[in-house]
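In: Build me a model from this:
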Amino acid sequence: MDETRKMEIGVLAMLREGTNPFLPIAELGLKTAQLQSWNINLLTEETAKKTVKDLKESGIRLAGFWCGYSGRIVWNSYHGPETCGLVPRDLRERRVAELKRGAEFAKMIDAPALITHCGFIPECPCDPLYTETVNAIYDVAIYCHKLGIGFWFESGQETPLTLLRVIEDLGLPNLGVNLDTANLLLYGRGNPVDALEILGKHVRNLHVKDGLHPENSRVLGKEVPVGEGKADFDKIIKKLYDLNFTGELTIEREISGPQQTADILKAKAYLEELLKKHAPA
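Out: Model (predicted):
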């Protein structure tokens, strides 16, 4: 393992007008964050300059820029395939353009990579929709490469094997995976420990999140505080050490208010114990 850089715990920050989203993170005793935005209109040079200033003021290191896109999105496995990511034909061209704009913003704020959900990528490589989606991803990923930044897939809507196939088919040097430890569970796609067996060498950082399996085929599983769901973080952290992983552990808790802060601090303490437990002697 690279002793100059070890796993660092951070949190997800939301880009908003008029605030410094990194100051509350610094107050929690954290030093790194992923920045996320679903508002394409905010991705301007003016906002980028403010973001760079905010990072410097807070002392937070940027672990990546997570970019959303416009149009209808349904977060489940029933309507998700027709609404999420770059898979839907009617939304694809617009979203490719939006993600390219996100890549330009990522470059302006000196983020190491653009991160996003690419959608429910078809499992069959012979499906025309698979080829179309991979071509669209290539369009965004090569744009990122030309800008000198990475393109990282947030995992979980596609199966780990399908994601591996996409990475192999694209063959670009700037590809990586932002492994979300809950999404595979929430979508009923598998579990993060097995995903690390398949995707481990491509994982650049994590969304540390926990959840339960779906109660039926039409709904998303329930997100719960880290340590209270089906994600086996003891095995996950051990496997990350085995992989010589040195990326960020970005806590994501998809609620708001005081309980979100309490759950983030609880997750931070939980992760610190596991990192200590499994750290090489």
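In: CA atoms for contacts and neighbours, from now on please.
Out: Will do.
In: could you pull out the helices for the protein?
Out: Using DSSP state H, the helices of the chain run over 23-27, 45-58, 89-108, 128-147, 160-170, 183-186, 192-199, 233-242, 258-278.
In: Pick the most deeply packed of the ones you listed.
Out: helix 183-186 (a mean of 26; mean count of other Cα atoms under 10 Å).
In: so how far is that one off the chain centroid?
Out: Per Cα atoms, centre = their mean, to the nearest Å, the displacement of helix 183-186 from the mean C-alpha position of its chain is 13 Å.
In: Now it: average pLDDT?
Out: Here helix 183-186 scores 96 as its mean pLDDT.
In: quick revisit: how about the helices of the chain, which one is nearest residue 64?
Out: Proximity to residue 64 (Cα to Cα) singles out helix 89-108 among the helices of the chain, at 7.7 Å.
In: ok, now which ones touch the closest residue to residue 111 other than its chain neighbours?
Out: Using Cα to Cα, 6 or more residues apart in numbering and skipping the chain neighbours, the partner closest in space to residue 111 is residue 64 (5.0 Å). Contacts for residue 64 (Cα atoms under 8 Å, 6 or more residues apart in numbering) come out as 33, 34, 35, 106, 111, 112, 113, 114, 115.
In: Dump the helices of the chain into TSV; add distance to residue 75 as well.
Out: Compiled in TSV, the helices of the chain are given as follows (distance: least, Cα to Cα, whole Å):
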stretch	distance to residue 75
helix 23-27	27
helix 45-58	28
helix 89-108	16
helix 128-147	19
helix 160-170	18
helix 183-186	10
helix 192-199	19
helix 233-242	24
helix 258-278	20
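In: got any ranges where the stretch 51-200 of the chain has weak pLDDT?
Out: Residue ranges of the stretch 51-200 of the chain with pLDDT under 70: none are present.
In: picking that back up, can you tell me which of the contacts of residue 64 are in strands?
Out: Judged by DSSP state E, the subset of the contacts of residue 64 located in strands is 33, 34, 35, 113, 114, 115.
In: Which one of those sits in the busiest neighbourhood?
Out: Among the ones in strands among the contacts of residue 64, the one with the most neighbours (other Cα atoms under 10 Å) is residue 114, at 30 neighbours.
In: Contacts only, for that one.
Out: Here residue 114 is in contact with 64, 65, 66, 67, 102, 103, 106, 144, 149, 150, 151, 152 (criterion: Cα under 8 Å, 6+ apart).
In: Would you quantify the distance from it to residue 44?
Out: Between residue 114 and residue 44 the computed distance is 15 Å (Cα to Cα, to the nearest Å).
In: excluding its backbone neighbours, what's nearest residue 207?
Out: Spatial nearest neighbour of residue 207, chain neighbours left out: residue 180 (4.5 Å); criterion: Cα to Cα, 6+ apart.
In: for residue 31, same thing?
Out: Spatial nearest neighbour of residue 31, chain neighbours left out: residue 60 (4.9 Å); criterion: Cα to Cα, 6+ apart.
In: and that neighbour, what are its phi and psi?
Out: Dihedral pair for residue 60: phi -90, psi 140, per degrees, to the nearest 10.
In: for residue 111, same thing?
Out: Torsion angles, degrees, to the nearest 10, at residue 111: phi -80, psi 140.
In: I'd say it and residue 149 touch.
Out: Yes. Between residue 111 and residue 149 there is a contact under Cα atoms under 8 Å: 7.5 Å.
In: Residue 221 contacts residue 230, correct?
Out: No. Applying Cα under 8 Å, one finds residue 221 not in contact with residue 230, separated by 10.7 Å.
In: shared neighbours of these two, anything?
Out: 185, 211, 212, 213.
In: most surrounded residue in those residues?
Out: residue 185 (26 neighbours).
In: OK, contacts around the residue nearest to that residue when sequence neighbours are not counted?
Out: Once flanking residues are discounted, residue 185 sits nearest to residue 213: 5.2 Å by Cα to Cα, 6+ apart. Residue 213 sits next to 185, 186, 187, 188, 220, 221, 222, 230 when contact means Cα under 8 Å, 6+ apart.
In: Would you confirm that the residue nearest to residue 207 contacts residue 158?
Out: No. Under the criterion of Cα under 8 Å, residue 180 is not in contact with residue 158, lying 11.9 Å apart.
In: ok so, going back, distance to residue 19 added to the contacts of residue 64, as a markdown table?
Out: Putting those into a markdown table (distance: Cα to Cα, whole Å) gives the following:
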| residue | distance to residue 19 |
| --- | --- |
| 33 | 15 |
| 34 | 16 |
| 35 | 13 |
| 106 | 19 |
| 111 | 19 |
| 112 | 23 |
| 113 | 23 |
| 114 | 22 |
| 115 | 22 |
